[in-house]
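**Student:** give the three-dimensional model of this entry:
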Amino acid sequence: MAFISQDLFPNTLSFIVFVSYIALFVNQGILVTASKDEKNNYSYNTTTVIILTEFFKCFAFVLMYLKNNGSREFLNELKNNGQALLLYFVPAVLYSVYNNLSFINLSYYDPTTYFLLLQFKTVLTGIVFQILFSKKLSKLQWFSLILLTFGCILKEVRHSYKSSLNPELMTNFRLFDYHFILILIQVFTSVFASVYNEYLIKGCDAHFMIQNIFMYFDSIVSNCVVLLYRGELFTAFTLVNLKSVCQPTVLGIIANGTCIGICISFFLRYLNNILKSFASATELMFTAILAWIIFGIPVDFYTFAAIFVVTCAIMIYSRNPVVNLSKQDQEMFDKLKEKSKNFEKIATDV
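**Tutor:** Numbers count the residues shown, from 1 in each chain. Modelled structure (predicted):
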């Protein structure tokens, strides 16, 4: 029996999507950190960057759809799937909150700590996944998820110990406790948005590309509402703000963010949110190493211990992964499986 189940990556494309997801998110954390100035602030409007990124995601999916379909089919799809457009406002609004909080939280936490704190979403993902998809996770799958969460908490042991010994640090912790609340909000919005998005992608009858167009169009609208609330809707795209965006690092954030949006869509179609949690945890190893090399952010014993525990959790999960295909992919998989059985039967008879 192979150590890693074949169900983990059904085909080569799913493995490529998995690796790309990790690489793109690690790169995004490094780019966002590099875009901060000496005072740990951003010299550009972060919501403007997010809206531009969402626009390019939407534009990319429009091009991908039109590559294989005509403009008339495109208009018919938009016309016949109005309900899907409304449904996608739920994950779009949640993702909008998540994206804006990512800039705020990365300005306070170093990249490794930021990604580790986000891993609290692991167990919550398992719970929401079971509810929406009516799939009961096995004991081994739950054990690997809990072990993964423990590995993420392990990183904070040293900081908690220092706070308990130093009253001044405890005061500072209480003073900046709202950052932890923001992290929790980011975790909840991330989980519900991602699992519900997977639910729509695998259950909606609309074309896959059309679903993503709806998703990012709704996201643009949601972010414009954020700008309106902040009183920045009419100033976000002034010449000064656009000029501040035209920096190599910021343009890199937009380009990388666009690729992330495309990658996530394919990840949720061909894989699932449970594996996505493990992919996010894998980012920790690479983020810690790169943050140390590029920014000189120290990596202590607890970080190495956390990386070891996370690796063990991934290896355990790889023995018994969750399988959650879309209706179309499940039908195709069943047909291929049936053909494979028939081929084996013929080969045996011969």
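**Student:** please make it C-alpha for all contacts and neighbour counts, starting now.
**Tutor:** Fine.
**Student:** which strand or helix spans the residue nearest to residue 233 when sequence neighbours are not counted?
**Tutor:** Among residues not flanking residue 233 along the chain, residue 227 sits closest, at 4.6 Å (C-alpha to C-alpha, 6 or more residues apart in numbering). Here residue 227 sits within helix 208-229, counting by DSSP states H and E.
**Student:** related to what we said a few turns ago, isn't the residue nearest to residue 233 right next to residue 235, touching?
**Tutor:** No. Using C-alpha atoms under 8 Å, residue 227 is not in contact with residue 235, being 9.0 Å away.
**Student:** more crowded one of these two?
**Tutor:** residue 227 (18 against 15; other C-alpha atoms under 10 Å).
**Student:** contacting residues around residue 194?
**Tutor:** For residue 194, the contacting residues are 91, 273, by C-alpha atoms under 8 Å, 6 or more residues apart in numbering.
**Student:** how far away is it from residue 267?
**Tutor:** Residue 194 sits 11 Å away from residue 267 when distances are taken as C-alpha to C-alpha, to the nearest Å.
**Student:** just after the helix holding residue 227, pick out the following helix or strand.
**Tutor:** Proceeding N to C from helix 208-229, the next assigned helix or strand is helix 239-245, under DSSP H and E.
**Student:** in that following helix, what's buried?
**Tutor:** Across helix 239-245, burial judged by 16 or more other C-alpha atoms under 10 Å covers 241-242, 245.
**Student:** out of the residues you listed, who's nearest residue 277?
**Tutor:** Using C-alpha to C-alpha, residue 245 comes nearest to residue 277 of those, at 31.0 Å.
**Student:** excluding covalently adjacent residues, which one is nearest to that closest one?
**Tutor:** Spatially, and ignoring its direct neighbours in sequence, residue 245 is nearest to residue 44 (6.0 Å; C-alpha to C-alpha, 6+ apart).
**Student:** now do residue 255
**Tutor:** Distances taken as C-alpha to C-alpha, 6+ apart put residue 53 closest to residue 255, at 7.3 Å, once the chain neighbours are dropped.
**Student:** residues touching the one you found, list them.
**Tutor:** Counting by C-alpha under 8 Å, 6+ apart, residue 53 touches 254-255, 257-258.
**Student:** what is the helix holding residue 227 packed up against?
**Tutor:** helix 46-68, helix 82-87, helix 89-106 (3 or more C-alpha pairs under 8 Å, 6 or more residues apart in numbering; DSSP states H and E).
**Student:** what mean pLDDT does it get?
**Tutor:** For helix 208-229, the mean per-residue pLDDT is 91.
**Student:** in it, what's buried?
**Tutor:** Of the residues in helix 208-229, 208-227 count as buried by neighbour count, 16+ other C-alpha under 10 Å.
**Student:** that one vs helix 46-68, what angle?
**Tutor:** Helix 208-229 and helix 46-68 are oriented at 160 degrees to each other (axes from the mean of the first three to the mean of the last three C-alpha atoms, to 10 degrees).
**Student:** tell me how far helix 208-229 lies from the chain's centre.
**Tutor:** Taking C-alpha atoms, centre = their mean, to the nearest Å, the mean C-alpha location of helix 208-229 is offset from the chain mean by 17 Å.
**Student:** export it as PDB, just CAs?
**Tutor:** Listed next in PDB are the C-alpha coordinates belonging to helix 208-229 (Å, rounded to 0.1, in the frame of the first residue of the first chain):
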ATOM      1  CA  PHE A 208     -17.500  27.200 -14.100                       C
ATOM      2  CA  MET A 209     -16.000  30.400 -15.700                       C
ATOM      3  CA  ILE A 210     -19.300  32.200 -15.500                       C
ATOM      4  CA  GLN A 211     -19.500  31.400 -11.800                       C
ATOM      5  CA  ASN A 212     -16.000  33.000 -11.200                       C
ATOM      6  CA  ILE A 213     -17.000  36.100 -13.300                       C
ATOM      7  CA  PHE A 214     -20.000  36.500 -11.000                       C
ATOM      8  CA  MET A 215     -17.800  36.000  -7.900                       C
ATOM      9  CA  TYR A 216     -15.300  38.700  -8.800                       C
ATOM     10  CA  PHE A 217     -17.900  41.100 -10.200                       C
ATOM     11  CA  ASP A 218     -19.700  40.900  -6.900                       C
ATOM     12  CA  SER A 219     -16.400  41.300  -5.100                       C
ATOM     13  CA  ILE A 220     -15.700  44.500  -7.000                       C
ATOM     14  CA  VAL A 221     -19.100  45.800  -6.000                       C
ATOM     15  CA  SER A 222     -18.400  44.800  -2.300                       C
ATOM     16  CA  ASN A 223     -15.100  46.600  -2.300                       C
ATOM     17  CA  CYS A 224     -16.600  49.700  -3.800                       C
ATOM     18  CA  VAL A 225     -19.100  49.700  -0.900                       C
ATOM     19  CA  VAL A 226     -16.100  49.500   1.500                       C
ATOM     20  CA  LEU A 227     -14.600  52.600  -0.200                       C
ATOM     21  CA  LEU A 228     -17.900  54.400  -0.100                       C
ATOM     22  CA  TYR A 229     -18.100  53.700   3.700                       C
END
